[in-house]
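Need a 3D model of the sequence below.
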Amino acid sequence: MDSKEFRFELKVDEHALKGYKENPKDLAKLIDKEVIKELQDFVFDNLKDKDGSPEVAEIEIKHFKYVEADRKGSFRLQFLIDRRFCCSDTDSCSADYIDFQFQVEDGMLQAKGGYFDWTLSN
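This is a model prediction of the structure:
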């Protein structure tokens with residue numbers, strides 16, 4: 001089992017970065033819908049168990065940290081993986097996350113994080 005890396009960039013106001021510690025949801029709002037779609041596809045592609053057509057939903061940012069002097073930081077992107085099993089008419093949901101490290105350069109937040117599928121398989 002190995003970790004796969006996901007990268008993205010977003011334009012940020014460098015003066016607002018400290019405020020995301022108290023309000024990380026504000027940073028989540030800056031993530032473009034296209035990046036969200038890429039993230040959803042990335043997670044889906046890296047899941048070993050694709051039963052129930054897993055979909056990433058309810059994306060949130062937590063544990064935001066930023067060291068202004070280094071212009072680097074980290075955050076955790078949490079999400080749910082929803083599954084719908086049409087044959088048995090049941091749903092299932094599990095929480096997961098990706099921890100990101102980032103640096104800020106020229107008003108761009110450049111983030112990279114590794115995803116690990118925690119699903120046990122025999």
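
quick one: buried residues of the longest strand belonging to the chain?
In the chain, taking DSSP state E as the definition, the longest strand is strand 90-105. Using 16 or more other C-beta atoms under 10 Å as the burial criterion, the residues of strand 90-105 that qualify are 96-98, 100, 102, 104. C-beta coordinates here come from the backbone N, C-alpha and C atoms, glycine included.

quick one, what contacts the nearest residue to residue 101 once chain neighbours are set aside?
Ranked by C-beta to C-beta, 6 or more residues apart in numbering and with sequence neighbours excluded, the top spatial neighbour of residue 101 is residue 74, at 5.2 Å. Contact analysis of residue 74 by C-beta atoms under 8 Å, 6 or more residues apart in numbering lists 63-65, 99-102.

Okay, now the unreliable bits of the protein?
Scanning the chain for pLDDT under 70 picks out 1-3, 52, 88-89, 117-122.

And the biggest helix by length in the chain, what's buried?
In terms of residue count, the longest helix belonging to the chain (DSSP state H) is helix 33-46. Of all the residues in helix 33-46, those buried under the rule 16+ other C-beta under 10 Å are 35, 39-40, 42-43.

Over to residue 16. Which of the three states is it?
helix (DSSP: H, G, I helix; E, B strand; the rest coil).

The closest residue to it other than its chain neighbours: helix or strand, and which one exactly?
Spatially, and ignoring its direct neighbours in sequence, residue 16 is nearest to residue 26 (7.7 Å; C-beta to C-beta, 6+ apart). Residue 26 is part of helix 24-28 when elements are defined by DSSP states H and E.
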